[in-house]
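1. next comes the sequence, and after it the predicted model I'd like to discuss.
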Amino acid sequence: MLGFWSSLGESMTLAELADSLPNGFHDSALKGFSVDYGNRIARMEFSLMVGQPDDPAGIRDNCRDATIELLGMRFLLVSAPDANESLDCGTEVWIVDGYETDEILSYCKELDPKLLQSFTPDVFAFSFYVNDWNSYIHVAAKDCKMQWVGAVHAYAGKRQRYYPGETVDLS
């Protein structure tokens, strides 16, 4: 796997980064984020699924931690959690998937489409659906890059994937 991956001078979007990952942002976990407003950089710490559905059961749910930097950040918006959801998520929040923001505007009332239309063509907007909160995290930036952190490791927890034919014990 790549140790450090960047767009080599060309602008990269989060959608393009997701397309380059084995599972995109599906069933990933956000462990934390920080924002450097002066330099317009957001850093997001993820645990990303790197196993494949066809891999043997012992390794298909493997993950690897990564830091993603958003350069030329325009905004980072964390939507309020659904009132019926618990905020006690432990050490990470479960990201079901990530989407280009214009694909979800009908579900997401807190973003004004006029804001997205006001951006220059070199700015992308991307949204992460947070299962634990039943809400979104939205970002807009000019570029992104990713760096793997640590080795591949096994994961078995609440965001574990299930496959056709498997028996699921929900207790």
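-> Structure received. Residues are numbered from 1 along each chain as shown.

2. got the residue ranges for the strands in this structure?
-> Under the criterion DSSP state E, the chain contains strands at 4-5, 28-36, 41-49, 63-71, 75-78, 93-100, 124-130, 135-141, 143-153.

3. could you check how far Pro22 is from Arg60?
-> 10 Å (CB to CB, to the nearest Å). Backbone N, C-alpha and C define where each C-beta goes, glycine included.

4. what's the overlap in contacts for those two?
-> Both Pro22 and Arg60 are contacted by Gly51, Gln52, under the criterion CB atoms under 8 Å, 6 or more residues apart in numbering.

5. ok so, going back, of the strands of the chain, flag the one that's most buried.
-> strand 124-130 (a mean of 23; mean count of other CB atoms under 10 Å).

6. and stretch 35-42, end to end?
-> By CA to CA, to the nearest Å, the extent of stretch 35-42 from end to end equals 4 Å.

7. also stretch 48-64?
-> Start-to-end, stretch 48-64 (CA to CA) is 5 Å.

8. what comes up buried for it?
-> Leu48, Met49, Val50, Gly51, Arg60, Asp61, Asn62, Cys63, Arg64 (16 or more other CB atoms under 10 Å).

9. mind putting the strands of the chain into a markdown table with distance to Leu17 and mean pLDDT?
-> Listed next are the strands of the chain as a markdown table, based on distance: least, CB to CB, whole Å; pLDDT from 0 to 100:
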| stretch | distance to Leu17 | mean pLDDT |
| --- | --- | --- |
| strand 4-5 | 8 | 48 |
| strand 28-36 | 12 | 95 |
| strand 41-49 | 10 | 96 |
| strand 63-71 | 7 | 95 |
| strand 75-78 | 16 | 92 |
| strand 93-100 | 9 | 92 |
| strand 124-130 | 9 | 95 |
| strand 135-141 | 11 | 94 |
| strand 143-153 | 6 | 93 |
